[in-house]
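1. Sequence first, predicted coordinates after that:
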Amino acid sequence: MLSWFLAANDIDFTVIDNGNINTPSQAAAGLINPVTGRRVVTVWLDDVIIPFAEKVYNEMGSFLNINALSKTTIIDFFPNPFMRESFLKKLSQQALYINLVEDANYMSSYFNYEFGTGTIDPAYIVHLQKLLPAWRNHLLSTNQLISDPFDFSSLVVKENKIVYKDINADQIIFCDGVQGNNNPYFSLLPFALNKGEALIIEAPDLPPDYIYKKSMTIAPFAEPGTFWTGTNYIWDFEDDLPTPTFRSTTEQTLKSWLKVPFKVIDHKAAVRPATIERRPFVGFHPLYKNVGILNGMGTKGCSLAPYFAHQLVENILHKTPIEKDADIERHSRILARTAF
Ligand SMILES: Cc1cc2nc3c(=O)[nH]c(=O)nc-3n(C[C@H](O)[C@H](O)[C@H](O)COP(=O)(O)OP(=O)(O)OC[C@H]3O[C@@H](n4cnc5c(N)ncnc54)[C@H](O)[C@@H]3O)c2cc1C
């Protein structure tokens, strides 16, 4: 996202990315959901972030000649009477985005369910499996991507200059996801990493027009007839690998929820760069003013990244302020302890 806005503003840049496939961007469903949680609360900055993301993904899709984004509806299956009540209460408060489905049998050809459904609308799916390789290939074709691990021992940060191997730059910005937690400049930030997993299934009889949500989510994937199903949130983990426990519990849940046949074709896992305050980390280091960060996207990279990448580029160009809850300025006291 950052490189998209740098390119759009004719700023010269080089991306260094090792192309690791166990990253959350590769494991994500790509959902943008305007509401969250049991109490169906509208997400942070929904009215600015979501329309902005929609515009950006559509522009990227046109530029790359791919379908980068689909606008869709989430069918919310109430898992129990309390969740139904909670949804109805929210609806009675004239909440945005949600509606009750009156026809109780609406989805009964495809799912087992007892307590009815609501809808969340509009929601979006970013087709990351198409978008990420397409943008990567574009950067390779313009010689703006070095597909290597970043080597901190080759980085020299001077007051007004960055030198990395044979690259001379004005600034360096780290968008290194969970590796930010080990980044010598930013490891003191309050990351709260958590691991998540997903199964990719083939379910050719399931309509691909919706996202389905109960205790887990089923979202259509780019390949027709395939769906992403997940996820879990594990704070105590030893590695970023798929676990047999997730696979068996998810298969069991799918067997009891779905009426149509399905087959598991892949199992993904990755660690999310989440933060204690559930807000991103955006901006420049208080001591090393040419060293920046765009990270901490947590569970919502698809909706947050376009808006905050744009804010960071506007900040570079025009010194415009970054949203204060996202600006790492709020952690300047902690970051002031970074010393080399
Ligand atoms: C199972 C799962 C499901 C999810 N579903 C959704 C969803 O539906 N919607 C949503 O909005 N979010 C979702 N998320 C969260 C979302 O994936 C993240 O918020 C987002 O991907 C973070 O993107 P990022 O670019 O900051 O980090 P990453 O995706 O980790 O990208 C960082 C990049 O930096 C590279 N890198 C790091 N260190 C180095 C180094 N030293 N040298 C070279 N390269 C390096 C990595 O290889 C990687 O390519 C999900 C996450 C998981 C795990």
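-> Nice, thanks for sending it over. Residues are numbered from 1 along each chain as shown.
2. Return the distance of stretch 119-139 from the chain's centre.
-> Chain-centre distance of stretch 119-139: 10 Å, with CA atoms, centre = their mean, to the nearest Å.
3. can you check stretch 62-78 too?
-> 14 Å.
4. Hmm, N18 and P149 touching each other?
-> Yes. With contact defined as CB atoms under 8 Å, P149 reaches N18; the gap is 4.5 Å. In this view, the C-beta of every residue, glycine as well, is placed from N, C-alpha and C.
5. what's N58 sitting at in phi/psi?
-> phi -70, psi -40 (degrees, to the nearest 10).
6. What's the separation between the nearest residue to it once chain neighbours are set aside and the ligand?
-> The shortest distance from N58 to any residue other than its chain neighbours is 5.9 Å, reached at L69 (CB to CB, 6 or more residues apart in numbering). Counting by CB to the nearest ligand atom, to the nearest Å, the separation of L69 from the ligand is 12 Å.
7. hang on, isn't L69 packed against G61?
-> Yes. Here L69 reaches G61: they are 6.2 Å apart, a contact under CB under 8 Å.
8. Neighbour count for those two, which is higher?
-> The neighbour comparison of L69 against G61 (other CB atoms under 10 Å) goes to L69, with 23 against 18.
9. Report how many residues lie close to A270.
-> Other residues within reach of A270 by the criterion other CB under 10 Å amount to 24.
10. before we move on, what about E102?
-> Neighbour number of E102 under other CB under 10 Å is 8.
11. And the pLDDT for it?
-> Here, the pLDDT recorded for E102 equals 89.
12. same question, N105
-> 87.
13. for it, phi and psi?
-> phi -100, psi 10.
14. what sits against it?
-> Listed by CB atoms under 8 Å, 6 or more residues apart in numbering, N105 has no contact partners.
15. got the end-to-end distance for stretch 156-175?
-> Stretch 156-175 has an end-to-end distance of 18 Å (CA to CA, to the nearest Å).
16. what's in contact with that stretch?
-> By CB under 8 Å, 6+ apart, stretch 156-175 touches 2, 14, 16, 151, 154-155, 180, 183, 185-186, 284, 288, 290-295, 312, 316.
17. do stretch 327-336 as well
-> With CB under 8 Å, 6+ apart, stretch 327-336 has contacts from 186, 188-190, 281-287, 293, 321-322, 324.
18. Just the buried ones among those residues, please.
-> F186, L188, L189, F281, V282, G283, F284, H285, I293, I322 (16 or more other CB atoms under 10 Å).
19. Could you export those as JSON lines, including distance to the ligand, pLDDT and secondary structure?
-> Output for those, formatted as JSON lines (distance: CB to the nearest ligand atom, whole Å; pLDDT from 0 to 100; DSSP: H, G, I helix; E, B strand; the rest coil):
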{"residue": "F186", "distance to the ligand": "12", "pLDDT": "98", "secondary structure": "coil"}
{"residue": "L188", "distance to the ligand": "17", "pLDDT": "97", "secondary structure": "coil"}
{"residue": "L189", "distance to the ligand": "13", "pLDDT": "98", "secondary structure": "coil"}
{"residue": "F281", "distance to the ligand": "10", "pLDDT": "98", "secondary structure": "strand"}
{"residue": "V282", "distance to the ligand": "11", "pLDDT": "98", "secondary structure": "strand"}
{"residue": "G283", "distance to the ligand": "15", "pLDDT": "98", "secondary structure": "strand"}
{"residue": "F284", "distance to the ligand": "17", "pLDDT": "98", "secondary structure": "strand"}
{"residue": "H285", "distance to the ligand": "17", "pLDDT": "97", "secondary structure": "coil"}
{"residue": "I293", "distance to the ligand": "10", "pLDDT": "98", "secondary structure": "strand"}
{"residue": "I322", "distance to the ligand": "16", "pLDDT": "98", "secondary structure": "coil"}
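20. got the residues you listed as TSV, with distance to F308 columns?
-> As requested, these are exported to TSV (distance: CB to CB, whole Å):
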residue	distance to F308
F186	15
L188	20
L189	15
F281	9
V282	5
G283	10
F284	13
H285	16
I293	10
I322	8
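21. hmm, back to that, what is the nearest of the contacts of stretch 327-336 to P273?
-> Of all the contacts of stretch 327-336, P273 sits closest to F281, with 8.6 Å by CB to CB.
22. Can you check the pLDDT for the residue of the stretch 151-300 of the chain found nearest the ligand?
-> Nearest residue of the stretch 151-300 of the chain to the ligand: G177, at 2.3 Å (CB to the nearest ligand atom). In this model, G177 is scored at 98, pLDDT.
23. Without its sequence neighbours, what residue ends up closest to it?
-> Looking at G177 with CB to CB, 6+ apart, the closest residue is P273, at 4.7 Å.
24. Looks like that neighbour contacts A28 (just checking).
-> No. Contact criterion CB under 8 Å: P273 and A28 do not qualify, at 11.8 Å.
25. Can I have the buried ones of the contacts of stretch 156-175 as a ChimeraX selection?
-> Command for ChimeraX that selects the buried part of those, burial taken from 16+ other CB under 10 Å:
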select :2,16,155,180,183,185,186,284,288,290,291,292,293,294,295,312,316
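26. coming back round to it: next one: phi and psi at the residue nearest to G177?
-> For P273, the backbone dihedrals (degrees, to the nearest 10) come out as phi -80, psi 70.
27. same question, S70
-> Torsion angles, degrees, to the nearest 10, at S70: phi -120, psi 140.
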